[in-house]
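Trainee: Build the 3D model from these lines:
(chains A, B, C, D, E and F)
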Protein chains: 6
Amino acid sequence: MKNYPFTAIVGQDKMKKALIVNGINPKIGGVLIQGEKGTAKSTAVRALADVLADTSVVNLPVSATEDRVVGTLDMEHILKTGEKRLESGILAKADQNILYVDEVNLLEDHLVDILLDAAAMGVNRIEREGVSYEHPSRFVLVGTMNPEEGTLRPQLLDRFGLCVDVASEKNVEERMEVVRRRLDFEQDQQQFEERYVQAQNQLSKQIQQAQILLPTVEISDRLIGIVADLSIELGIESHRADITVITTAQTLAAWKQRTAVQLEDIYEAAELALPHRLIQDPINDTSSSEALAMILQNKVVEHQ
Amino acid sequence: MKNYPFTAIVGQDKMKKALIVNGINPKIGGVLIQGEKGTAKSTAVRALADVLADTSVVNLPVSATEDRVVGTLDMEHILKTGEKRLESGILAKADQNILYVDEVNLLEDHLVDILLDAAAMGVNRIEREGVSYEHPSRFVLVGTMNPEEGTLRPQLLDRFGLCVDVASEKNVEERMEVVRRRLDFEQDQQQFEERYVQAQNQLSKQIQQAQILLPTVEISDRLIGIVADLSIELGIESHRADITVITTAQTLAAWKQRTAVQLEDIYEAAELALPHRLIQDPINDTSSSEALAMILQNKVVEHQ
Amino acid sequence: MKNYPFTAIVGQDKMKKALIVNGINPKIGGVLIQGEKGTAKSTAVRALADVLADTSVVNLPVSATEDRVVGTLDMEHILKTGEKRLESGILAKADQNILYVDEVNLLEDHLVDILLDAAAMGVNRIEREGVSYEHPSRFVLVGTMNPEEGTLRPQLLDRFGLCVDVASEKNVEERMEVVRRRLDFEQDQQQFEERYVQAQNQLSKQIQQAQILLPTVEISDRLIGIVADLSIELGIESHRADITVITTAQTLAAWKQRTAVQLEDIYEAAELALPHRLIQDPINDTSSSEALAMILQNKVVEHQ
Amino acid sequence: MKNYPFTAIVGQDKMKKALIVNGINPKIGGVLIQGEKGTAKSTAVRALADVLADTSVVNLPVSATEDRVVGTLDMEHILKTGEKRLESGILAKADQNILYVDEVNLLEDHLVDILLDAAAMGVNRIEREGVSYEHPSRFVLVGTMNPEEGTLRPQLLDRFGLCVDVASEKNVEERMEVVRRRLDFEQDQQQFEERYVQAQNQLSKQIQQAQILLPTVEISDRLIGIVADLSIELGIESHRADITVITTAQTLAAWKQRTAVQLEDIYEAAELALPHRLIQDPINDTSSSEALAMILQNKVVEHQ
Amino acid sequence: MKNYPFTAIVGQDKMKKALIVNGINPKIGGVLIQGEKGTAKSTAVRALADVLADTSVVNLPVSATEDRVVGTLDMEHILKTGEKRLESGILAKADQNILYVDEVNLLEDHLVDILLDAAAMGVNRIEREGVSYEHPSRFVLVGTMNPEEGTLRPQLLDRFGLCVDVASEKNVEERMEVVRRRLDFEQDQQQFEERYVQAQNQLSKQIQQAQILLPTVEISDRLIGIVADLSIELGIESHRADITVITTAQTLAAWKQRTAVQLEDIYEAAELALPHRLIQDPINDTSSSEALAMILQNKVVEHQ
Amino acid sequence: MKNYPFTAIVGQDKMKKALIVNGINPKIGGVLIQGEKGTAKSTAVRALADVLADTSVVNLPVSATEDRVVGTLDMEHILKTGEKRLESGILAKADQNILYVDEVNLLEDHLVDILLDAAAMGVNRIEREGVSYEHPSRFVLVGTMNPEEGTLRPQLLDRFGLCVDVASEKNVEERMEVVRRRLDFEQDQQQFEERYVQAQNQLSKQIQQAQILLPTVEISDRLIGIVADLSIELGIESHRADITVITTAQTLAAWKQRTAVQLEDIYEAAELALPHRLIQDPINDTSSSEALAMILQNKVVEHQ
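Mentor: Residues are numbered from 1 along each chain as shown, chains lettered A, B, ... in the order given. Just a heads-up that it's a prediction; the model follows:
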C-alpha cells in the first residue's frame, strides 16, 4: 500500500507548514497536531516522510511499555551466553526519522517525559541492572490528539515546539476536492502517484535547499527584541517559547530562500509556536486567538 | 450445531443491508450493531459468514490480551531451540474473514485502537524483543454493543464504517414468525436448513455478482457535491464520513446491479454511515434522527 | 455426608418447579435463584442432582480464574515433554452436569460472559499460545444470589432462562416442619434418607418420562400468538424471552404427561421466565409483580 | 509462654458460654466475638483450647492468601520429581481444632466465603491444575472484630452460629480483679497456673460429660413451635437461625446435665443466636436489644 | 558517623522518660512518638540504643514487604539443594533490640498487625509452603509519626504501650542551646562525645540498676483501685490500659530506686499511657488534655 | 553536546546562589527549585556540575523503581555462580556527585523518603534476602518541580535544605540577552564555551577557596540567638530550619572570603532556608513573603 502524496493534501496550510519546517530543522522541537477524528492527521505525517531524504515514520503506540521505548535487556542473549546485553528500543529506531505518537494525550505521563527528554537531549540512555548504553536519538517528534479526549499537562505542552489545529473543510468545492482525490487514490494508487510525482520532487528539492541555507540565516537585534517583548506582554513564562519562535522564523526564512529573518517570519512563527503556551489555552477560544492576532499586529506596527 | 440461515432472519432490514454491503466490500470499514439483549445480533453475524465464499467468523473475546490479538513470542520454540520466533494471533486468523467483537464497548481502549488500525491499514505488525513480523489482516469488522451498557469514544465510533440499531419486533404476526422459525430451527436443524437452501444460494450468487460489478461503478460530481454539502450542513468534521457514504453508495449500486450511483443509493448509504458521526449522538433521539431524515429529504429535492 | 433429599424440601414450589424443568430440559437455559441468606438455595441445587440420572454438581467458586474455568496449558506436560498440551477446566467437568455458581453477582463480568456463551453454544473452546481445543459443554446452569448484595447487569440477567425468588416460611406450622426435618436429618442421615427413598425414586421416574415425552409436545399458533402479544405489551425487547416461555411451557406439558401445550403451561412458564426481563426489575416490587399477574390473567381471558 | 487459664477470666459470661457450647458441639457453627480493643478476646480463645481435649488454636492471619488457606501445589515436589502433588493448607491444620480469625472483618470476602463453606460442609477440596484432593475440615470457627472498624456483610454474619459482644468491666472491684490476676499471671505464670489447675480440670470434665450426653437430648414440638414463631415475629429470613437456636439449646441442656430442652435453654440460646440476624443490627442499639428481650419474655409467658 | 548522645538532648523530658522506661522494661509495650518534622525523634531513638547494653536499632522501612519483616523461603538454598529452608527477617534481627518504625502511620495495616502481634507474644512464626519456623522476637517497639499526615486506627493505637508528643523549643535560650550543641556535634563528633561520656555512663548504670530492682517492686491494692477507677471514669475500654499504667508505674519506681509504687508514679505513668486511649483523641486538644490532668489531680486528692 | 556554562546564565541570582552554596557545602541539604516550565532549571543543574571538581550529575527518573535507586540482587551473578551478590544502584553512583530529580513532586513518597534518608545519613544500606551491603552516599540533592502540578508533603519539604523560586525574565533587555546567548550557544557551542572559559575557571576557584575556608568560619552567640528567636516568632517547628540557616550563613561567609558570619549572611540564608518551612506556604503568596522580609528586617534592627 502506497502513502497518499503530501502535495495532494487539500488545504490544511498551517499543518503542512508546521510539518515542513520541522522536516527542514528538527531543532524546532516537533509539532503537536490537534484536531477531530477523520481529519487526515496520520496521512499527513506519513506523507511528510516521503518528501524527506532517508526518513521513515516510526510509530510509538500508546500501549508501549518503557522497555519497548527505551530498550531493555536482551533476554535471548542472556539465556544463550549468560552475559547481559542491552537491546535498543523505539527511540533507537527513531533516530534521524519521524517519531509519530497518535493520541499522545493517552500516553502515560512518564513515557511522554522520556520522549521529550530524548528529544531535547538528542540522546537516549538505557540503564538496566548495571549495564548502560547510550545512543543518538535525534528525531522529528509529531504527536496528534483530539482535544475532546483530554489534554496534555502544560508542562508537556510547552515542550512541543509548535502546535497546530486542523479542522475539516467547510467549503463544498474544497471538500469535494478532498473526497475526489481520496477516491481517485483508492481506485488506482499507481496512477495517482504519477500525477503528483513532479510536485513531490520539487518539494523535496525545496526542503533540501532550505536545509543548506539555514545555517547562514541571520536575525537582527530589533527582531529579537520584538519576540522578547511579545512573550512578556503575553505572560509567557517559558524562555523556550522565545527560542522556538526565533528558530522557526529562521527556518521559514530559509524556506523562502532568504538569509535574513523578516518581521513576517516572526509573525508566522509566533502563530505556530505561541498559542499553546498561553496561560488559558486559547486554542478553542476564538476571542483569545484573535487577541493574539491583534497583539501580533500591534507589535508589527509598533516596531516598524 | 448448524448456524441459523441468514435468509431466515425475520425483519431487521437495515442490519442485514449493512452486513451484506460489508460482505461485498470490506473497504466500507465494518459495522457496529447496537441493540438490546436478545435481538439476534450474534446470530446474524454468524449467518453472514455462511453466504460469503471461504469466510469464517473469528471471535475476539473482550478479555483477550494484546498478545493474543496481535501475536507474541513463541515460548515453546524459544525453549526448544533458544531462538526467538513470533507466533501470530487473532488478527492473523481474521485475515479474509469476519472479525467479530461482541460487546465491543467493554473492550479496552488500546485494543480497540489496535483493531481499528489493523482494519484501516489491512496489515498487522508484531514487534517483540527485537523480532518483527508483518502479515496482511484484511477483515470485515463487526462489533455489537448494548447502548445501555456504556458507549464508545467518538474517536472510535467514527472509525466504524457503518452503524445500525436493532430492536425487537413490535408487530405480533412478525414476532410470532420470529418465534416459530426459531422453534422450527431448534426442533430439526437439518430440515430447517433445507427449507432455505435455495434462498441462501441465490443470496451468495448476488453477493458475488456485486463484487464483480463493483470496480466499474461510477459516481457523478453532482452526487459527490451532495455528499460534501450534506456533511458540512450536519457539522460532521470527519472526511472519512464522506468517503464512507460514497463507497457504501457504490456498493449498493453494484448490489442493485447498476454501474452508476443514483441519489437513492446516497440516501440509503447516508442513513447507515452518518447517524453515529453526528455530534450529539442522535441514535437514541428520535427527533435528531428525524432531523437527519428531513435534511436528507431536502438535499434530494434541492439537488434534483 | 449425604445430601438432603429433594422431596424432603418443605414449600418453595416455584424454585422446585424451575429446577425440575431445567433438569428435564437443559435448553431452557438455567435458573437464577434469588433469596436471602439461609433459605436452602444450595441444598436444593445439590438435591436436584440426586434425582437426575448420572448427574453431579460442579461448583464454580467466585474466585475462580479464567484459566480454571476454561482450561489452560498443561505446564507439567510442557516441562516433561517440551510440547504444549491443553488441560480442560471447570467447563469440561460441567458437561452433562449441573454447573452451580453461588453468589453469581460477585463473579467477574467476563467470567459470567464466558459461562453464558458456553451455555448458549453448548461448546467451550480453549486457545492458548497457538494450541486450541474444543469440547462439548452442555450443562444446567444454576446461579444463586442475594439481591441485597448487588445485581447482575440486565444483559446477563436476560441470559438466564428462568428466575425465581425464595423466601423463608412465614407460617409457623410450615416453619416447624422445615426445622423438624432438618433436625431429623442432622440426627440420623441414613434413617432420614430411607424415609424419602420412595418419593425420590418416583420423582426420578417422572423426570425421565417427561424427557421421553418432550420431543413430541406440540404448541398451537394461537398460544404462540399469546406469547408474542404478551412480550410486546410488557415491552420486553428480547426474543429470547418468547422462546424461553414456549420451551418452558412445552417442558411443563411433558412434566404433566401431556403432548400439547395448554394455556396454563404458558401462564406458569411466563411466571418463571418473564419477571426478571421486565425493564424496571419488578422482582422486589409487589405491585409490578401483581401487574404482571393481571396482564397474564387478562391475556388468558382475552384469548379464550 | 503459657496461656492464661480459661477459669481465671473475670466476668464476660456470655462470651465464655458461647465458647463453651461451641467447644462441646462444633455443629453450632462458631462464634463471632465483637468488642473493643484490649478486652481479652484473643486470650479467651487461646484459653478455650486448653480445656478441650486434643485441641489447639490455628491462626488464620488476615493477610493469608487463598493458597495458604486452602492448600496448593507442592512446588518442591514438582521440582524434584516432575510430578504434581498438592500440599494442604490452614484448613487442613484446623481440622478437629479451633480456627481463629482475628479482625475477621478485614479478611477478604472470598476468603471468608471459603472459610464458611468449609465450616458448613466439614470438608475442604483443593483443585489446582487438574489435581484434586479432599480432606475433612471440621473446626470450631472463632472470629473477632471491633465493630468500630467496619462490619461483615449480612450474608456472612448469618453464617456464624453465635455472636456475642464483650465490653470492659465498669465495676471498680471487678476491674481491679481483672488487673490483679493479670499482674499475678505476668509475675509468675507457673504459680498462677497451679492456682487454677483444679477449676480447669473440672471444666474439662464437664465439657466431656456434656459431649456424651448431647446425642440423647430431646426437644418437644411445643418448643420448636416457639422458636419458629419467634423467628417469624422477628422477621428473620434465615431458617439457619431456627436450627442454630435449637442446636444451641440442646447443647445448653447437655451442659446443665439434662436430656430435655427447657424453655430457659431456648431463651439463652436465642440471646446468643438471634441478635446478629435481626435486620437492623441491634447489637449496638440498646432499645432493639431490649425489644428482643421483651419479645423473648412475652413468648415465654405466651407459651407457658 | 557517631550518634548524638542521649544525655546531650535538650528538653523533651516526656519523650526521654518514655524511652528510658521502655529501655528498662520492654513489657511496657513500646512507645509512639508524635511530633512535627525536624524535632529530633529519630536522633533520640538511635541515642537510646547507645545507653542500653548490647542493643542496636533495627529499622523497619515503611516500604518493607511482609516477607522481609517476617522472613521467607531461602531461594538460594532451594536452588542449590532442592530443599526448602526459611530465612529469617527483620523481626529476627529485632530480637533483644529496638525496632524502629519511622512514619508508622504510613505502614500498611497488616504489617502493623504483624508487628504488634509479635511484640505482644514475644515470638514470630514463619510459615511458607509447608515449612514453619518460630523464633523469639522480644523488642522495644518505637514508632514515630507526624499527626498532620494521617493517624493510626484506634485498634493499633491502643497496642502501643505509651505515647508522647514532642514539639520544638519555644524558649530562645533553650532553642539556642539545641542549635549550639548540634553545631558543636557536627563540627567535631569525637570531642563532643567525650564531653558527655560521664553522663552517658551514669545513665547506663542507672538503667541497669533499675532492671535489677524491677522484679521486687510492689504495688498496693489501693493504687490498683485508683487505676481501675480512673479508667472507668475516663471511659477507657481497654484493660490493657490499666495493666500498662501499673507496669509503667512499677518501672518508674525502680528507676527512682524504690521498691514500692507511689501515687506519683501512677500519675506520671497515666500521663504517658492514657491520653492516646481516650475516645476523642485529646492529644491535639488542650482542653481534653487538661481535663485528664484535672481528673488525675482529683483522683490523687480523693484517694489520699 | 556540551553543557551551557553556569556563568552564562542571565539573572536567576537566588537559584545560582542556592546551587553554589550547596556545591561548596553538601551538608546544607540540597535545594528544591520551583518554577514554571521552560525556565532553565535543568540547564542550571547540569551547569553547576561543570564548575565543581570531579562532579557529575546523576539523574533519578521519576519512574525509577526502589531496586534501581537502592540497588538489588545481581541476578547475573546468581545465575552464573549460585551465590547471592548485591549490585549497587543510583544512590551509589550519586556519591560525591549531584543527584538530580526533575519533577520531584511526581516521585513516589517512599522513594522520596529513601532519598532524603540517604541524604541525611550520607549512607545507603541495601538488604535483600539476607545479604546486606552499605556504601557511602553523600550527594548534593537537587529537585525541581512546577508548583502548578502538585506539591510535596510538608514532611518532605522540610528535608530539603533550601528552596528557591525561579520565574522568567520580565525585562525586555534581559530577556533578549537570555535569548541571544541561547541562540549563540546553539549556533556554535565551541566558540560559546571559549567566551566563558575565564569566568568559569574563576568561579571554580572561588568555590574551592570557600571549601578550604569553611571549617574555620565562626558564628557568635548573638547571631545564633537571632536565628532561634526568628524561628520561634515564625512558628517554625523544625530545629532543622535553625541548623540550616546557620550552616548556610557559614557557607555564605566562606564564599565571601570571611571567617566570621555576619548579620547579612543570616539574612540571605534565611531567605533561602525558611520560606518553604512556614506553615501556610507563602511561596506563592506575596504578602506572606513580604511579611517574612519585614520580620527579618525587624530582627536585624532589633539585634543591632
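
Trainee: Could you chop chain A up by domain?
Mentor: Domain segmentation of chain A under automatic domain parsing yields A:6-166, A:215-303.

Trainee: now those as a markdown table including mean pLDDT, distance to chain E and mean neighbour count?
Mentor: Quick note: C-beta positions are derived from backbone N, CA and C, even for glycine. Compiled in a markdown table, the domains of chain A are given as follows (pLDDT from 0 to 100; distance: least, CB to the nearest CB, whole Å; neighbours: other CB atoms under 10 Å in any protein chain shown):
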| stretch | mean pLDDT | distance to chain E | mean neighbour count |
| --- | --- | --- | --- |
| domain A:6-166 | 83 | 16 | 20 |
| domain A:215-303 | 82 | 31 | 19 |
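
Trainee: if you go through the stretch 101-250 of chain A in chain order, where are the helices?
Mentor: A:109-121, A:154-157, A:172-187, A:189-195, A:197-213, A:221-233, A:239-255 (DSSP state H, counting those that start in this stretch).

Trainee: Only C-alpha atoms, please: export stretch A:182-199 in CSV.
Mentor: C-alpha atoms of stretch A:182-199 as CSV (Å, rounded to 0.1, in the frame of the first residue of the first chain):
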residue,chain,number,x,y,z
ARG,A,182,-9.2,10.3,-2.0
LEU,A,183,-11.5,8.2,-4.2
ASP,A,184,-9.0,8.5,-7.1
PHE,A,185,-6.2,7.4,-4.8
GLU,A,186,-8.2,4.4,-3.6
GLN,A,187,-9.1,3.4,-7.1
ASP,A,188,-5.6,3.4,-8.6
GLN,A,189,-2.7,4.3,-6.3
GLN,A,190,-0.1,3.9,-9.0
GLN,A,191,-1.7,6.3,-11.4
PHE,A,192,-2.5,8.8,-8.6
GLU,A,193,1.1,8.8,-7.5
GLU,A,194,2.3,9.5,-11.1
ARG,A,195,0.1,12.5,-11.2
TYR,A,196,1.9,14.1,-8.2
VAL,A,197,5.5,12.9,-8.9
GLN,A,198,6.7,16.3,-10.2
ALA,A,199,5.2,18.3,-7.3
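
Trainee: Tell me which of the domains of chain A sits nearest to residue F:188.
Mentor: Of all those, domain A:215-303 sits nearest to residue F:188, with 9.9 Å by CB to CB.

Trainee: returning to what we had before: quick one: closest of the domains of chain A to chain C.
Mentor: Ranking the domains of chain A by proximity to chain C (CB to the nearest CB) places domain A:6-166 first, at 15.5 Å.

Trainee: Most proximal residue of chain A with respect to chain F?
Mentor: Counting by CB to the nearest CB, chain A gets nearest to chain F through residue A:238 (2.6 Å).

Trainee: can you list the residues of chain A near chain B?
Mentor: Counting by CB under 8 Å from any CB of the partner chain, chain A comes close to chain B at A:1, A:35-40, A:61-63, A:68, A:72, A:74-76, A:79-80, A:87, A:103, A:106, A:146, A:148-149, A:167-172, A:175-176, A:178-180, A:182-183, A:186.

Trainee: Which of these fall in strands?
Mentor: Among the residues of chain A next to chain B, the ones falling in strands (DSSP state E) are A:35, A:72, A:87.

Trainee: quick revisit: reformat the domains of chain A as a markdown table; add distance to residue D:298.
Mentor: As requested, the domains of chain A are exported to a markdown table (distance: least, CB to CB, whole Å):
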| stretch | distance to residue D:298 |
| --- | --- |
| domain A:6-166 | 64 |
| domain A:215-303 | 72 |
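
Trainee: wait, which of the ones you listed is closest to residue C:221?
Mentor: Residue C:221 lies closest to domain A:6-166 among the domains of chain A, at 49.9 Å (CB to CB).

Trainee: anything in the closest one near chain F?
Mentor: Yes - on the criterion CB under 8 Å from any CB, domain A:6-166 is in touch with chain F at A:27, A:66, A:78, A:82-84, A:109-110, A:113-114, A:121-123, A:127, A:129-130, A:153-155, A:158-159.

Trainee: just stretch A:258-276 next, same as before
Mentor: No - contact of stretch A:258-276 with chain F (CB under 8 Å from any CB) is absent, the minimum separation being 11.2 Å.

Trainee: Provide a list of residues in contact with the nearest residue to residue A:62 once chain neighbours are set aside.
Mentor: Excluding the flanking residues, the one nearest residue A:62 by CB to CB, 6 or more residues apart in numbering or on different chains is residue A:106, at 4.6 Å. When contacts are counted by CB atoms under 8 Å, 6 or more residues apart in numbering or on different chains, residue A:106 touches A:62, A:149, A:150, B:109, B:110.

Trainee: I figured the last one was touching residue B:66, is that so?
Mentor: Yep, that's residue B:110 we're talking about. Yes - between residue B:110 and residue B:66 there is a contact under CB atoms under 8 Å: 7.3 Å.

Trainee: Common neighbours of the two, please.
Mentor: Joint contacts of residue B:110 and residue B:66 (CB under 8 Å, 6+ apart) are residue A:63.

Trainee: Report the two of the contacts of residue A:106 separated the most.
Mentor: A:150 and B:110 (14.5 Å).

Trainee: residues contacting the closest residue to chain D within the stretch 151-300 of chain A?
Mentor: Closest to chain D within the stretch 151-300 of chain A is residue A:153: 36.2 Å, counting by CB to the nearest CB. The neighbours of residue A:153, taking CB under 8 Å, 6+ apart as the test, are A:109, F:149.

Trainee: again, but for residue A:200
Mentor: A:5, A:6, A:7, A:50, A:51.

Trainee: how much space between the fourth one and residue A:7?
Mentor: Residue A:50 sits 10 Å away from residue A:7, going by CB to CB, to the nearest Å.

Trainee: Over to the last one?
Mentor: Applying CB to CB, one obtains 8 Å for the distance of residue A:51 from residue A:7.

Trainee: give the contact list for residue A:258.
Mentor: Each residue near residue A:258 by CB under 8 Å, 6+ apart is listed here: residue A:217.

Trainee: what's the answer for residue A:149, then?
Mentor: So residue A:149 contacts A:103, A:105, A:106, B:153, B:155 (CB under 8 Å, 6+ apart).

Trainee: Could you do residue A:204 as well?
Mentor: A:51, A:52, A:53.

Trainee: rerun at 7 Å
Mentor: Shown in contact with residue A:204 (CB atoms under 7 Å, 6 or more residues apart in numbering or on different chains): residue A:51.

Trainee: Please apply the same query to residue A:11.
Mentor: So residue A:11 contacts A:169, A:174 (CB under 7 Å, 6+ apart).

Trainee: Could you grab the helix/strand/coil label for it?
Mentor: Here residue A:11 is recorded as coil under DSSP: H, G, I helix; E, B strand; the rest coil.

Trainee: Keeping just the C-alphas, turn stretch A:225-240 into CSV.
Mentor: Only the C-alpha atoms of stretch A:225-240 are listed here, as CSV (Å, rounded to 0.1, in the frame of the first residue of the first chain):
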residue,chain,number,x,y,z
GLY,A,225,13.5,42.5,21.0
ILE,A,226,10.1,42.1,19.4
VAL,A,227,10.0,38.5,20.3
ALA,A,228,11.0,39.1,23.9
ASP,A,229,8.6,42.0,24.2
LEU,A,230,5.8,39.8,22.8
SER,A,231,6.4,37.0,25.3
ILE,A,232,6.4,39.3,28.3
GLU,A,233,3.2,41.0,27.1
LEU,A,234,1.5,37.7,26.7
GLY,A,235,2.7,36.5,30.1
ILE,A,236,4.6,33.5,28.7
GLU,A,237,6.9,32.2,31.3
SER,A,238,8.9,29.8,29.2
HIS,A,239,12.1,31.2,27.5
ARG,A,240,11.8,28.1,25.4
